[in-house]
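Student: Mind folding the following:
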Amino acid sequence: MRFSPDDVVCRVSLHLERVRTAEEALRAWLPLVSELRPVSAAFEAAHPDGLRRGYLADLLVVLPPPGGGTREGRAVRDRLLASVDELARRLGLDPADFETDEAGVGGTLKGKGEHDGSSYGACLILALTGADPLIPEGEEKDYEDTGEDLL
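Tutor: Below is the predicted model:
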């Protein structure tokens, strides 16, 4: 997937531990999904043998430049921080905990406690300017490892 160099692209991880059914989880997330309009969304039950319980969601959200402006006239780091600040507040996370990379084009925000005050179970935001934070080169990766050690 291609993004504009002005876009702030975020992966938002959500985890609702105390819901018992997929229907409950989707009802809880529906207002957020409707508002953020992710370009990609994945929902799944936590693996019964894993460390987590309940339901998980991964949203790929593209945030336009703050104030509708372009990258001209505003530093990349400033645009990144303004976009993530707004998203973090919406998710009930503290934007002051967002840690940027050395170049100031990406960063991470991890929830501190169980859901960190978020009714959506927000636990992680990965952000990168102009690219998917999990696939910065723009190509999907194919891993041979099964990932069983992560369960």
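Student: For the closest residue to residue 5 other than its chain neighbours, give me its contacts.
Tutor: Nearest non-adjacent residue to residue 5, counting by CB to CB, 6 or more residues apart in numbering: residue 130, 4.4 Å away. (C-beta placed from N, C-alpha, C; glycine too.) Listed by CB atoms under 8 Å, 6 or more residues apart in numbering, the contact partners of residue 130 are 3-7, 9, 105.
Student: Report the two of those separated the most.
Tutor: Using CB to CB, the contacts of residue 130 reach their maximum pairwise distance at 4 and 105, which is 13.5 Å.
Student: the more surrounded of these two?
Tutor: Applying other CB atoms under 10 Å to residue 4 and residue 105 shows that residue 105 carries more neighbours, namely 19 against 14.
Student: For the more buried one, give me its contacts.
Tutor: 76-77, 80, 128-130.
Student: which among these gets closest to residue 13?
Tutor: If you rank the contacts of residue 105 by distance to residue 13 using CB to CB, residue 128 comes first, at 14.7 Å.
Student: Can you tell me the element that closest one falls in?
Tutor: For residue 128, the host element (DSSP states H and E) is strand 122-129.
Student: I'd like the mean pLDDT over that strand, please.
Tutor: Averaging pLDDT along strand 122-129 yields 90.
Student: Run through the neighbouring helices and strands of that strand.
Tutor: Contact analysis of strand 122-129 by 3 or more CB pairs under 8 Å, 6 or more residues apart in numbering; DSSP states H and E lists strand 8-16, helix 76-91, strand 106-110 as its packing neighbours.
Student: quick one: buried residues of the second one?
Tutor: It refers to helix 76-91. Going by neighbour count (16 or more other CB atoms under 10 Å), the buried part of helix 76-91 is 76-77, 79-84, 87-88, 91.
Student: just how off-centre is that helix within its chain?
Tutor: Distance of helix 76-91 from the chain centroid (CA atoms, centre = their mean, to the nearest Å) equals 12 Å.
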